[in-house]
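# what shape does this take:
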Amino acid sequence: MCSSLSNAIWANSVGNVEGIKVGRRLFRALGIDPTKRRPSSEALLNRALKQKPLYSINSLVDVANWCALDFLLPNGAYDLKKIIGPVVLRKGLANESYTGLNNRDVNLFGRYCLVDDKGPFGSPITDSRRTSIDENTTQSLFIIFSPEDYDLNLLSKYADIMAERITNVCGGTTIKINIVDGKI
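Residues are numbered from 1 along each chain as shown. The predicted structure is shown next:
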């Protein structure tokens, strides 16, 4: 366990963990109040610290959770065959939402979200049911969300680690890793 994580646990505040601060900074930059909606990585860490079981669909989801806890950045895991057309990151439009993995309606108005030809399917809060990984998934897309000013070398390293873990645990082949740097 990393020293900043153990120090925060001793201080009894997840908010003291440096990686959690980064996720909260991302949310503030996206116009989301991180005290009302938590980055998925922080919600996962809170669940683990409370010794609640983590949801396990299959080893792909387990690797995504492992990486979220390790990197302390929100990530998204999607079944690539359920994504129709190109993936775009944009702000949600009025009345746009989807049913999240938590079975709650996720309001996307004015918030950044991933969108394909069928509509929104992912965000740093929670992913949609529509594109979720399940026991039949054979092709996947993983996204690591970070603030604009995040160290691109570290982000690239995390992407490589995630790809290596997926290959080692789940098999298969990494086709492509893209680091997208730019203002949206």
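# list the pairing partners of whichever strand or helix holds Tyr98 within its sheet, with orientation.
Following DSSP states H and E, one finds Tyr98 within strand 97-99. Applying DSSP bridges, strand 97-99 is found paired with strand 105-107 (antiparallel).
# most centrally placed residue in the chain?
Asn75 (1.6 Å; CA atoms, centre = their mean).
# that residue contacts Cys67, doesn't it?
Yes: using CB atoms under 8 Å, Asn75 is in contact with Cys67, at 6.0 Å. Heads up, the C-betas are built off the backbone N, CA and C, glycines and all.
# intersection of neighbour lists for those two?
Residues touching both Asn75 and Cys67 by CB atoms under 8 Å, 6 or more residues apart in numbering: Ile144, Met162.
# for the lengthiest helix in the chain, give the mean pLDDT please.
Looking only at the chain and at elements set by DSSP state H, the helix with the highest residue count is helix 152-170. The predicted model assigns helix 152-170 a mean pLDDT of 94.
# stretch 123-141 - what's its average pLDDT?
93.
# from here on, call the first residue 54.
Happy to do that; since the first residue is 54 now, the last one works out to stretch 176-194.
# circling back: the strand holding Tyr151: how far from the chain's middle?
Here the centre of strand 150-152 is set off from its chain's centre by 16 Å, with CA atoms, centre = their mean, to the nearest Å.
# cool, and stretch 184-199?
The answer for stretch 184-199 is 10 Å, by CA atoms, centre = their mean.
# report the buried residues of that stretch.
Using 16 or more other CB atoms under 10 Å as the test for burial, stretch 184-199 gives Thr184, Ser185, Ile186, Thr190, Ser193, Leu194, Phe195, Ile196, Ile197, Phe198, Ser199.
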